[in-house]
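*Asks:* just to be clear, the model below is a prediction. Sequence and coordinates:
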Amino acid sequence: MTPTENRIYLASRSPRRRDLLKQIGVNFGTLLLREAVPRVADMDEASLPDEAPPDYAQRIAQGKAEIGRARLAERRLPDLPVLAADTIVVLGGRIFGKPENSEHAKEMLRALSGETHQVFTAVAMSAQNGMRVSLSRSSVRFRNISEQEICNYLAYGESQDKAGAYAIQGMAAVFIAEISGSYSGVMGLPLFETAQMLEESGIKIFHRPCNNS
Ligand SMILES: Cc1cn([C@H]2C[C@H](O)[C@@H](COP(=O)(O)OP(=O)(O)OP(=O)(O)O)O2)c(=O)[nH]c1=O
């Protein structure tokens, strides 16, 4: 099997990543990994000693892509490239992963209130010809958020399963005063970097014929 088939696998449970990949017309199948990659569970847990947050995100994304590719053989699936990603929110050197519960989500949102944080999304692709990894960096400025607003926001259930306990694509948009970087990257899959990676591997993004003769 070669990448010229223009098909890949996305190793992800995230519906956002599936939607984003669909947005750019990629032909893909979804691969659900049975076990989670070891990861930072909450904002008090550090990454590996001396590991910078962007390195951490890249390591985890590569781990997901690698595990995904190993699953292909086990499941007798075609050996197509496997794409995976990892998103982390970083404030003052602290990594905010997904909240464990609503109290944890509250703590994260309180910390993000009135501050500018970074969002790193690493995207990795494991294929026959090796591993590629790319990093998207964004800065996101939150306006001040009151305790009442945090409480109201949590009632929407949007915090669950989101790094930093918020979703830019949801109600949290009203808290975001400014973003620089990549909207799709903050949402979980940076489409510019992803498209570049796919094209470098010979996977075409634009496959509709056009008449510019
Ligand atoms: C900051 C932010 C994160 N997120 C999501 C994207 C990711 O799904 C999630 C971060 O968790 P991840 O651990 O990166 O991914 P995941 O466990 O959801 O999915 P996968 O199976 O691919 O490992 O947070 C948003 O949807 N919107 C946002 O604004």
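*Replies:* The structure has been received and is ready for your questions.
*Asks:* any part of stretch 73-87 near the ligand?
*Replies:* Yes. Using C-beta under 6 Å from any ligand atom, stretch 73-87 reaches the ligand at A85, D86, T87. In this view, the C-beta of every residue, glycine as well, is placed from N, C-alpha and C.
*Asks:* skipping its backbone neighbours, what lies nearest the residue positioned nearest the centre of the chain in space?
*Replies:* Centroid check for the chain by C-alpha atoms, centre = their mean gives G188 as the closest residue, at 3.0 Å. Leaving out its chain neighbours, the residue that sits closest to G188 by C-beta to C-beta, 6 or more residues apart in numbering is R16, at 4.5 Å.
*Asks:* give me every residue that touches the one you found.
*Replies:* Q169, M187, G188, L189 (C-beta atoms under 8 Å, 6 or more residues apart in numbering).
*Asks:* regarding the protein, what is its longest helix?
*Replies:* helix 53-74 (DSSP state H).
*Asks:* right, and the helix or strand after that one?
*Replies:* strand 82-91 (DSSP states H and E).
*Asks:* mind giving me the packing neighbours of that following strand?
*Replies:* strand 7-11, helix 53-74, strand 94-96, helix 102-112, strand 116-127, helix 191-200 (3 or more C-beta pairs under 8 Å, 6 or more residues apart in numbering; DSSP states H and E).
*Asks:* in the longest one, which residues are buried?
*Replies:* Neighbour counts using 16 or more other C-beta atoms under 10 Å place 53-54, 56-69, 71-72 of helix 53-74 among the buried residues.
*Asks:* can you check the pLDDT for A36?
*Replies:* pLDDT, A36: 49.
*Asks:* so how far is stretch 182-201 off the chain centroid?
*Replies:* 10 Å (C-alpha atoms, centre = their mean, to the nearest Å).
*Asks:* buried residues in it?
*Replies:* Result for stretch 182-201 [16+ other C-beta under 10 Å]: buried residues 182, 184-191, 193-195, 197-198, 201.
*Asks:* from these, which are also near the ligand?
*Replies:* Checking the buried residues of stretch 182-201 against the ligand (C-beta under 6 Å from any ligand atom), the matches are V186, M187, G188.
*Asks:* export the helix or strand that contains the first one to PDB, keeping only CA atoms.
*Replies:* This means V186. V186 belongs to helix 183-187 when assigned by DSSP H and E. Output of helix 183-187 as PDB, limited to C-alpha atoms (Å, rounded to 0.1, in the frame of the first residue of the first chain):
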ATOM      1  CA  TYR A 183      -7.700  28.500  15.500                       C
ATOM      2  CA  SER A 184      -7.800  24.900  14.300                       C
ATOM      3  CA  GLY A 185      -4.700  24.200  16.400                       C
ATOM      4  CA  VAL A 186      -6.400  25.400  19.500                       C
ATOM      5  CA  MET A 187      -9.400  23.200  18.600                       C
END
